[in-house]
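Colleague: please work out how this folds:
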Amino acid sequence: NGTIAGSESYAPFPDPAEGFYVNGSVTSTDTQLGPFTMFYSAPVAFAFPEDNTGASRLIVGDAANGDSILTYDLGNNPGLCDNGDLHIVETATIIGGTGRYAGARGSYTLDRCVNFDTGETSGTISGTIVVRGH
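Modeller: The predicted structure is shown next:
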């Protein structure tokens with residue numbers, strides 16, 4: 001459990017009226033997991049506003065050590081945040097990992113606000129990661 005902050009960039013589909021692609025990264029230093037950076041990519045299809053899927057990779061600690069957690073994400077937009085930014089809630093299923101997180105399982109939720117004009121995003125992360133049966 002902790003907080004996240006980062007930024008996103010956007011690229012339209014070949015037909016911009018159909019949706020766009022998101023690439024982003026967020027960091028956190030205040031979780032039991034320790035410092036991590038999460039990189040994520042997802043298509044956002046306007047035809048499916050409640051359920052857009054993507055993938056993320058959490059790089060835990062020093063990127064050179066190879067410790068990462070791999071996920072499958074499902075996100076939705078339940079409305080706006082109090083400040084007018086887009087409210088995004090994503091549920092991630094952990095499908096494995098590398099290094100000390102090899103075989104990881106579990107899930108977590110990102111609840112965040114994103115300023116679509118600037119790409120800045122921040123919010124919270126909460127969930128459970130099980131590594132090698134611990």
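Colleague: Leu58: neighbouring residues, count only.
Modeller: Leu58 has 25 neighbouring residues, counting by other C-beta atoms under 10 Å. Where you see a C-beta, it was placed from the backbone N, CA and C, and this is true even at glycine.
Colleague: A helix includes it, no?
Modeller: No - counting by DSSP: H, G, I helix; E, B strand; the rest coil, Leu58 is not found in a helix; it is strand.
Colleague: from what I can see it touches Asp73, true?
Modeller: No - the pair Leu58 / Asp73 is not scored as a contact, 11.4 Å apart, by C-beta atoms under 8 Å.
Colleague: correct me, but Gly103 touches Val131?
Modeller: Yes - in this structure Gly103 lies within contact range of Val131 using C-beta under 8 Å: 7.0 Å.
Colleague: would you give the sheet partners of the helix or strand of the chain with the lowest mean pLDDT, along with the direction of each?
Modeller: One helix or strand of the chain scores below all others by mean pLDDT, DSSP states H and E: strand 52-60, with a mean of 79. Within its sheet, and counting by DSSP bridges, strand 52-60 is paired with strand 36-45 (antiparallel), strand 68-80 (antiparallel).
Colleague: reformat those strands as JSON lines; add distance to Asp30.
Modeller: Putting the strands paired with strand 52-60 into JSON lines (distance: least, C-beta to C-beta, whole Å) gives the following:
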{"stretch": "strand 36-45", "distance to Asp30": "11"}
{"stretch": "strand 68-80", "distance to Asp30": "17"}
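Colleague: tell me the most buried of these?
Modeller: Sort the strands paired with strand 52-60 by mean neighbour count, taking mean count of other C-beta atoms under 10 Å, and strand 36-45 sits at the top with a mean of 18.
Colleague: buried stuff in the least confident helix or strand of the chain?
Modeller: Asn52, Gly54, Ser56, Arg57, Leu58, Ile59, Val60 (16 or more other C-beta atoms under 10 Å).
Colleague: from Asn76, how far off is the nearest residue to Ala45 once chain neighbours are set aside?
Modeller: Among residues not flanking Ala45 along the chain, Gly19 sits closest, at 4.3 Å (C-beta to C-beta, 6 or more residues apart in numbering). Look at Gly19 and Asn76: by C-beta to C-beta, to the nearest Å, they are 14 Å apart.
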